[in-house]
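Asks: coords please:
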Amino acid sequence: MTILSDKLFGTFICMEFREDSIAVAYLKNNLAGISLLTSSIIPLRDDREVPDELGDFINRNGIDVNKVFVSIPDRWSITKFINIPSMKGKGSSTIANLMRFEVERHIPFEIEEVAYDFLVMDEKDSMYSMVFVAVQKGKIEFIKGFLEKLSLKPDSITTSSLAVLNTIELDGVTAGGWQDIMGIVRKSDMLGKKGETNIALFFERGSVSVAITRDGMCTNLKPFIMDSIGTREDALEEIKSYVREMQATVASGHFNRMIVAGDLSAVAAESFEELRTSLGLDVDHVNGLKAKLDEADISDILPTVGVCFSGLGLGTYTTNLLPHKAQYNISRIAPLTSKIALILICVLVIGIVVTDAVKQKKYVDKIEAAFQANEPVVKELENRLMEIEKQKERITFLEDIRDTDFALEVLSELAIVIPVDSWITNLDYKSIELKDSKKQGGELILNGFADSSSALISLLEDSPYFEKVEFVGPIKKTKEKEQFKLSARIVRPDSNPDATGDK
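Replies: Just a heads-up that it's a prediction; the model follows:
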């Protein structure tokens, strides 16, 4: 069951099972409407085990979601649009019993072997326009077991074509958001206006679904599996033959428009053009949603997006093959009570906002008066803080110069003390703090080569910068030189030594 929190800020995983792959998407709903977070199409292994890529995708994006919605291939199901006598006033059990009988008439299985669901789409001339979908329970159990390996549990399962019909129906409309919370049902005219009869084609790799719509509602739906028909020409003839058969049922004898949805790269351009020319119809292309879900191209995942609408109850074709609380209400436009409630809520919100704005204005005025009274003191504090910051910057600058200057002094002294026949290969200088803060010292490790390593100790100790000079490694003879490693303590010479002469 979809609760109010889902309509406010729900995050959903939507999956479309195909014959050779799985399309998966993360969608989020908030007051502004539904948006696409991320999506991917992952090849499905022949053994029907969970692909590593799918597990990685879900783990990478997180599985902390509100709902999981799933669509299955049309070839797994039987979908029928039928008319039955109106059951108004006879109770929901009456229509449920009648539809059980109708489903059993159209399936080649025992009714206990299938999962099915049905919807009342419209009522006209004491007749209900119905749609039902039936799938063998083994397919549903496969989906549930597959998702269980991903630590997921489906909240709704429907078919790809019905999911696509929801997407087409909401083309160009901001789906979800605050309007859905208020009970305002918004739909586009893409499937057709009143008095129009149109044909809608949904292209997917290896298949085409053909839907016939009257007054904006689907009345017939038939999937064509391209690779099971034969050649491309055979498939086109099969589709055209079905369309001509449907034309015979149209009062005017012709369709008003052709609606095209899905991945057109799945069908050759010349095939689509031949079909369009032979039918002689204007073509409208489905974008998917307002601004294509934040500019994302969703033409190849329309069922994946549509199954989210179905699960949230946003479209007309909201079948669910999982056990759920059935509802048989027809909801095509916002009811009058919802409109009245919306007006009352808007008035209430405006009143709250205005009252709060008056209170905020008085509070801001008090703060402004207090600030003006204390403005001279505040400015004085700001000036003093700025002066303190400037002094800190000067102190830091002078300290940096002092430290850098002493390091240069040490290097300069070494250049003077070390004989020309010796050289240093490595110098490691570590500064340390002395108890006397007026002095600065450290430790120096020297590696190098010299004619006489021992002579270096006396030379360094004669310098006012070095003391406690000693070898810290063995002396090695290399050709004509001695390789040495020695350490020395570094001190800063007293710049004002005690004078021994006349002052």
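
Asks: from here on, just use CA atoms for contacts and neighbour counts.
Replies: Fine.

Asks: once you drop chain neighbours, what's closest to residue 122?
Replies: residue 129 (5.1 Å; CA to CA, 6 or more residues apart in numbering).

Asks: now that neighbour: how far from residue 347?
Replies: Separation of residue 129 from residue 347 (CA to CA, to the nearest Å) stands at 38 Å.

Asks: now residue 122
Replies: Here the criterion is CA to CA. By it, residue 122 lies 33 Å from residue 347.

Asks: which of those two has more neighbours?
Replies: Counted by other CA atoms under 10 Å, residue 122 and residue 347 do not tie: residue 122 has more neighbours, with 16 against 12.

Asks: three-state assignment of that one?
Replies: Here residue 122 is recorded as strand under DSSP: H, G, I helix; E, B strand; the rest coil.

Asks: so it is in contact with residue 128, correct?
Replies: Yes - with contact defined as CA atoms under 8 Å, residue 122 reaches residue 128; the gap is 5.8 Å.

Asks: any chance you could map the strands in the stretch 101-250 of the chain?
Replies: Using DSSP state E, counting those that start in this stretch, the strands of the stretch 101-250 of the chain run over residues 114-124, 127-136, 156-159, 197-204, 207-214, 217-225.

Asks: partner strands of the fifth one, with direction?
Replies: What it means is strand 207-214. Paired neighbours of strand 207-214 in the sheet (DSSP bridges): strand 197-204 (antiparallel), strand 217-225 (antiparallel).

Asks: roughly how far is that strand from the heart of the chain?
Replies: Distance, stretch centre to chain centre, for strand 207-214: 31 Å (CA atoms, centre = their mean, to the nearest Å).

Asks: same thing with the fourth one?
Replies: For strand 197-204, the distance between its averaged C-alpha position and the chain's averaged C-alpha position is 29 Å (CA atoms, centre = their mean).

Asks: over to the first one?
Replies: On the basis of CA atoms, centre = their mean, strand 114-124 sits 33 Å off its chain's mean C-alpha point.

Asks: and if you look at the third one?
Replies: For strand 156-159, the separation from the chain centroid amounts to 22 Å (computed by CA atoms, centre = their mean).

Asks: quick one, helices of the chain?
Replies: For the chain, the helices defined by DSSP state H cover 4-9, 52-61, 92-106, 137-148, 160-169, 177-181, 226-229, 232-247, 269-279, 291-295, 302-312, 336-373, 375-417, 453-461.

Asks: relative to residue 76, which of those helices is closest?
Replies: Among the helices of the chain, helix 137-148 comes nearest to residue 76, with 7.6 Å by CA to CA.

Asks: just checking, what packs against that closest one?
Replies: strand 114-124 (3 or more CA pairs under 8 Å, 6 or more residues apart in numbering; DSSP states H and E).

Asks: what does the strand it packs on rub up against?
Replies: 86, 99, 103, 128-137, 140, 316-322, 328-331 (CA atoms under 8 Å, 6 or more residues apart in numbering).

Asks: hang on, isn't residue 426 packed against residue 446?
Replies: Yes - if you go by CA under 8 Å, residue 426 and residue 446 touch, sitting 6.0 Å apart.

Asks: for these two, indicate the residue with more neighbours.
Replies: The residue with more neighbours, out of residue 426 and residue 446, is residue 446; 19 against 10, by other CA under 10 Å.

Asks: mind pulling up the pLDDT for residue 300?
Replies: Listed pLDDT for residue 300 reads 78.

Asks: over to it: give its phi and psi.
Replies: phi -90, psi 0 (degrees, to the nearest 10).

Asks: how close does it sit to residue 150?
Replies: 24 Å.

Asks: okay, those two: which has more neighbours?
Replies: Comparing residue 300 with residue 150 by other CA under 10 Å, the one with more neighbours is residue 300, at 19 against 14.

Asks: hmm, residue 286 and the more buried one touching each other?
Replies: No - with contact defined as CA under 8 Å, residue 300 does not count as touching residue 286 (11.4 Å).

Asks: need the overlap of contacts for the two.
Replies: Shared contacts of residue 300 and residue 286 (CA under 8 Å, 6+ apart): residue 262.

Asks: are any of the contacts of strand 114-124 buried, and which?
Replies: Among the contacts of strand 114-124, those scoring as buried are 86, 99, 103, 128-137, 140, 316-322, 331 (criterion: 16 or more other CA atoms under 10 Å).

Asks: hey, which of the strands of the stretch 101-250 of the chain is tucked in deepest?
Replies: Of all the strands of the stretch 101-250 of the chain, strand 156-159 carries the top mean neighbour count, a mean of 28, counting by mean count of other CA atoms under 10 Å.

Asks: where does the stretch 301-450 of the chain have low pLDDT?
Replies: 325-343, 397-405, 431-440 (pLDDT under 70).

Asks: can we see that at 50?
Replies: Along the stretch 301-450 of the chain, the model assigns pLDDT under 50 to residues 331-337, 437.

Asks: need the pLDDT of residue 40.
Replies: Looking at residue 40, the pLDDT reads 90.

Asks: and the gap between it and residue 67?
Replies: Going from residue 40 to residue 67 by CA to CA gives 18 Å.

Asks: likewise residue 162?
Replies: Using CA to CA, residue 162 is found at 19 Å from residue 67.

Asks: and those two? Which one has more around it.
Replies: residue 162 (27 against 22).

Asks: count of residues packed around residue 422?
Replies: 17.

Asks: what's the closest non-adjacent residue to it?
Replies: Of all residues not flanking residue 422 in the chain, residue 450 sits nearest, at 4.2 Å (CA to CA, 6+ apart).

Asks: partners of that neighbour in the sheet?
Replies: Per DSSP bridges, the residues bridged to residue 450 are residue 482.

Asks: my read is that it contacts residue 482, right?
Replies: Yes - counting by CA under 8 Å, residue 450 touches residue 482, with 5.4 Å between them.

Asks: looking at those two, which has the bigger crowd around it?
Replies: Applying other CA under 10 Å to residue 450 and residue 482 shows that residue 450 carries more neighbours, namely 21 against 17.

Asks: distance of residue 444 from residue 493?
Replies: Using CA to CA, we find residue 444 at a distance of 16 Å from residue 493.

Asks: settle it for me: which of those two has more neighbours?
Replies: The residue with more neighbours, out of residue 444 and residue 493, is residue 444; 18 against 14, by other CA under 10 Å.

Asks: how close does that one get to residue 486?
Replies: To residue 486, residue 444 is 8 Å away according to CA to CA.

Asks: now swap in residue 67 and tell me
Replies: Applying CA to CA, the value for residue 67 to residue 486 is 71 Å.

Asks: centre of the chain to stretch 205-219, how far?
Replies: On the basis of CA atoms, centre = their mean, stretch 205-219 sits 30 Å off its chain's mean C-alpha point.

Asks: got the end-to-end distance for that stretch?
Replies: For stretch 205-219, the first-to-last residue distance is 24 Å (CA to CA).

Asks: just the mean pLDDT for that stretch, thanks.
Replies: 83.

Asks: show residues contacting that stretch.
Replies: The contact list for stretch 205-219, computed with CA under 8 Å, 6+ apart, reads 81-82, 161, 189-203, 220-227, 239, 246, 263, 266-267.

Asks: again, only using 7 Å
Replies: Defining contact as CA atoms under 7 Å, 6 or more residues apart in numbering, one finds that stretch 205-219 is touched by 81, 161, 189, 191-203, 220-227, 266.

Asks: list the residues that contact residue 477.
Replies: residue 483.

Asks: what pLDDT does the closest residue to residue 114 other than its chain neighbours get?
Replies: Nearest non-adjacent residue to residue 114, counting by CA to CA, 6+ apart: residue 136, 4.2 Å away. Confidence at residue 136, expressed as pLDDT, is 94.
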